[in-house]
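**Q** Take this sequence and fold it.
(chains A and B, ligands or ions: 1)
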Amino acid sequence: MRIDCKHVWQHISAYIDGEVDAALRAEIDQHLETCEICSAVLDSTRNVVVLVADNRVFELPAGFGRRLHDRLEKELETAGP
Amino acid sequence: MRNAPNPEIEAEWIRRILAGERHLFHQLIRPCERAIYFLLYSLLRNEAEAEDVAQETAIKVYRHLHLFRGDSQFRTWVLSIARNEGLGRLRKKVNLREDSLDALTDAEAGDFTPAILTSWREIPAEALEQRELGELLRQAIDGLPEIYRNVVLLRDIEEMGVRETAAALGIAEGAVKVRLHRARALLQRALAARLKKFAPRGRKLFGCAR
Ligand SMILES: [Zn+2]
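**A** Residues are numbered from 1 along each chain as shown, chains lettered A, B, ... in the order given. Sure thing, here's the model as predicted:
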């Protein structure tokens, strides 16, 4: 039984995270071998996930840590937990 | 996991802080800082406010440290405090009732069909040296509805597990998976066409080149 493209898209995120069971994974892999659309959707989604996770995309504002710990220090000096 | 916390060391530090070694609180909270800030940024969408509430969260965590029971991870507990603080700030700001903040639910109809492509050239992480690419990625995440944005921030950016994300946001693990899936589909659709120009020419990593 062959699964269709929509079915593959539904499971793409779980597939990327390795959370689909072996049977479904095999079906998806088989579909990907012959479907260039799903292959490109998978590759682009995975690529977007990798890029988004890069530290350079989301950086803390400059001086964030210093300001936080300065304020904490004042609190720590005046009160116990 | 980024800054993977060690529960045993955390428990030891907490014990010592409560016994009077207050200065240890700096290093206890440090591994949670990024997640606190970005969770709040996801909620408030304003850098200055996210920073302000992040500081308030850290102080609240310090004052309530004796209440931490160790039945969840420390960071999870911290993030649920951050989320409450952030929601409190939002409510004050826009005078919203709590239920309207979560008005968009998982049942909400939406089109999560990915952008249809016939080929994809991988964009290498080196391309992030270009400011424009980072800006594009940040804008796409900023453009997501809040319930998807916070899941992406915790799962894909802070690389937290499904269970920890669910606990921090107070939602079911199934909802984390559904929201993450939808968020990634929305991001792929928002970005695929615009990212293509960052792909190196003549380099075929995977997918079929055209
Ligand atoms: Zn297909």
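**Q** If you drop the residues flanking it in sequence, what lies closest to B:Y37?
**A** Nearest non-adjacent residue to B:Y37, counting by C-beta to C-beta, 6 or more residues apart in numbering or on different chains: B:A54, 4.9 Å away. (Glycine included, C-beta is placed from N, CA and C.)
**Q** where does the strand or helix carrying that neighbour sit relative to the chain's centre, distance-wise?
**A** In the assignment (DSSP states H and E), B:A54 maps to helix B:47-63. Relative to its parent chain, helix B:47-63 has a centroid offset of 16 Å by C-alpha atoms, centre = their mean, to the nearest Å.
**Q** The next helix or strand after that helix packs against which elements?
**A** Counting by DSSP H and E, the next helix or strand C-terminal to helix B:47-63 is helix B:74-94. If you count contacts as 3 or more C-beta pairs under 8 Å, 6 or more residues apart in numbering or on different chains; DSSP states H and E, helix B:74-94 packs onto helix B:7-18, helix B:33-44, helix B:47-63, helix B:98-101, helix B:162-169.
**Q** Just give me the residue closest to the centre of the chain.
**A** No chain specified, so I'll use chain A. A:V49 (4.5 Å; C-alpha atoms, centre = their mean).
**Q** think we crossed wires, I meant chain B
**A** Most central in chain B (C-alpha atoms, centre = their mean) works out to B:L153, at 2.2 Å.
**Q** give me the number of residues near residue 63?
**A** Just so you know, I chose chain A. For A:G63, the count of nearby residues is 10 (other C-beta atoms under 10 Å in any protein chain shown).
**Q** wrong chain, I was asking about chain B
**A** 13.
**Q** same deal with B:A115?
**A** The number of residues near B:A115, taken as other C-beta under 10 Å, comes to 15.
**Q** Quick check: pLDDT value at the residue nearest to B:R22 when sequence neighbours are not counted.
**A** Counting by C-beta to C-beta, 6+ apart, B:R22 lies nearest to A:L76, which is 4.5 Å off, once chain neighbours are set aside. The model reports A:L76 with a pLDDT of 93.
**Q** In contact with the residue nearest to the centre of chain B, which residues?
**A** Counting by C-beta atoms under 8 Å, 6 or more residues apart in numbering or on different chains, B:L153 touches A:58, B:38-39, B:41-42, B:141.
**Q** can you list these in CSV and add neighbour count?
**A** Below are the contacts of B:L153 laid out as CSV (neighbours: other C-beta atoms under 10 Å in any protein chain shown):
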residue, neighbour count
A:F58, 19
B:F38, 23
B:L39, 28
B:Y41, 25
B:S42, 24
B:I141, 24
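**Q** Helix or strand: which one has the residue nearest to the centre of chain A?
**A** helix A:36-52.
**Q** List the buried residues for the following helix or strand past that helix?
**A** Going down the chain from helix A:36-52, the next helix or strand is helix A:64-78, by DSSP H and E. Using 16 or more other C-beta atoms under 10 Å in any protein chain shown as the test for burial, helix A:64-78 gives A:64, A:68-69, A:71-72, A:75-76.
**Q** Closest one of those residues to the ion?
**A** A:F64 (43.8 Å; C-beta to the ion).
**Q** Excluding covalently adjacent residues, which one is nearest to that closest one?
**A** B:E51 (6.1 Å).
**Q** got a list of what that neighbour touches?
**A** Neighbours of B:E51 in contact, by C-beta under 8 Å, 6+ apart: A:61, A:64, A:67-68, B:37.
**Q** just to revisit the earlier point, need the max-distance pair from the buried residues of helix A:64-78.
**A** The most widely separated members of the buried residues of helix A:64-78, counting by C-beta to C-beta, are A:F64 and A:L76 (18.2 Å).
**Q** what about the chain, any weak spots by pLDDT?
**A** Looking at chain A here, since you left the chain open. Applying pLDDT under 70 to chain A picks out residues A:1.
**Q** Please refer instead to chain B.
**A** Checking chain B against pLDDT under 70 turns up B:1-5, B:95-109, B:202-210.
**Q** please redo it, this time with the cut-off set to 80
**A** B:1-5, B:93-111, B:201-210 (pLDDT under 80).
**Q** Regarding it, what is its longest helix?
**A** Taking DSSP state H as the criterion, chain B has its longest helix at helix B:173-195.
**Q** what angle sits between that one and helix B:162-169?
**A** Following axes from the mean of the first three to the mean of the last three C-alpha atoms, to 10 degrees, one obtains 100 degrees for the angle between helix B:173-195 and helix B:162-169.
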